[in-house]
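Peer 1: Return a 3D structure for these sequence lines:
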Amino acid sequence: MIPQKERDVLAKEFGAKLVNDVKLVVFTQEMPCMFCRETVAVCQELAELSPRIKVEIYDFVKDQMKAKELRIDKIPATAVIGAKDYGVRFYGIPSGYEFTSFAGAIIDVSKGDSGLSQKSKDLLKKVDSSVHIQVFVTPTCPYCPAVVRLAHRMAIESDMIWADMVESTEFVPLAQKYSVTGVPKVVINEKFEMHGAIPEDLLVAHVLHALSHPEPVQPR
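Peer 2: Numbering: from 1, shown residues only. Predicted coordinates:
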């Protein structure tokens, strides 16, 4: 799944940047599931590149309690977990441009540091209600990884934020529900929507605005 040249680059990058162990918790199922097998393969190949990366595989049907614990509601799904569960999720195979955001999430979660500006960190301290960010993407979108990584970094920074990458072509009904006609598209707490390459300060501002419309989701 991962070309040898890219494997060599990632092995060096992981060796230099990974700080703490990272678990890639993958949910799949026995019955036919689009890209489940490929998602597992990608995670297993990444684990071969660093002793700090571990893979756990669960059946979405048989392991319902685990899925509920990690708030996994569709497959294929991968939870990227470090010293704690930061709420970083990938729904769909992290392929194409999104492979970049997947590798980046592993590094960010391993460090346990969002890398956001101090201004953003200070503003996110005001988040006192649960916020769910969904970023709809396609593997061929060059602008999507930056938005996905930004959302995941916000989840790392705040225990009240959960952030999902959603591959829209794999979850068509969900994309239709949110009228995804272009990517990246960000949906916050089911109600607030943004399109395009969103800068850090703007996404933080929209998250703070969404606080006045909290969803019934319990914080971590």
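
Peer 1: Need the mean per-residue confidence for stretch 55-70.
Peer 2: What stretch 55-70 shows for mean pLDDT is 96.

Peer 1: End to end on it, go ahead and measure it.
Peer 2: 15 Å (Cα to Cα, to the nearest Å).

Peer 1: list the buried ones in it?
Peer 2: Using 16 or more other Cβ atoms under 10 Å as the test for burial, stretch 55-70 gives 55, 58, 60, 63, 66-67, 70. Quick note: C-beta positions are derived from backbone N, CA and C, even for glycine.

Peer 1: can you redo these as JSON lines with secondary structure and distance to V147?
Peer 2: JSON lines is the format used below for these (DSSP: H, G, I helix; E, B strand; the rest coil; distance: Cβ to Cβ, whole Å):
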{"residue": "V55", "secondary structure": "strand", "distance to V147": "26"}
{"residue": "Y58", "secondary structure": "strand", "distance to V147": "28"}
{"residue": "F60", "secondary structure": "coil", "distance to V147": "26"}
{"residue": "D63", "secondary structure": "coil", "distance to V147": "30"}
{"residue": "K66", "secondary structure": "helix", "distance to V147": "29"}
{"residue": "A67", "secondary structure": "helix", "distance to V147": "26"}
{"residue": "L70", "secondary structure": "coil", "distance to V147": "23"}
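
Peer 1: Can you tell me which of the residues you listed lies closest to V207?
Peer 2: Distances from V207 to the buried residues of stretch 55-70, taken as Cβ to Cβ, are shortest for L70 (21.7 Å).

Peer 1: hang on, isn't the closest one packed against G87?
Peer 2: No. Judged on Cβ atoms under 8 Å, L70 makes no contact with G87 at a distance of 9.4 Å.

Peer 1: E167: neighbour count?
Peer 2: E167: 26 surrounding residues under other Cβ atoms under 10 Å.

Peer 1: E38 too?
Peer 2: Counted with other Cβ under 10 Å, E38 comes out at 14.

Peer 1: Ok, P142 next?
Peer 2: 10.

Peer 1: what's the closest non-adjacent residue to it?
Peer 2: Y97 (5.6 Å; Cβ to Cβ, 6 or more residues apart in numbering).

Peer 1: so who does the one you found touch?
Peer 2: 137, 139-142, 144-145 (Cβ atoms under 8 Å, 6 or more residues apart in numbering).

Peer 1: and H209, what pLDDT?
Peer 2: 89.

Peer 1: er, G112 actually
Peer 2: 96.

Peer 1: any weak-confidence spans in the chain?
Peer 2: Residue ranges of the chain with pLDDT under 70: 213-220.

Peer 1: Surely I57 touches A41?
Peer 2: No. If you go by Cβ under 8 Å, I57 and A41 don't touch, sitting 11.0 Å apart.
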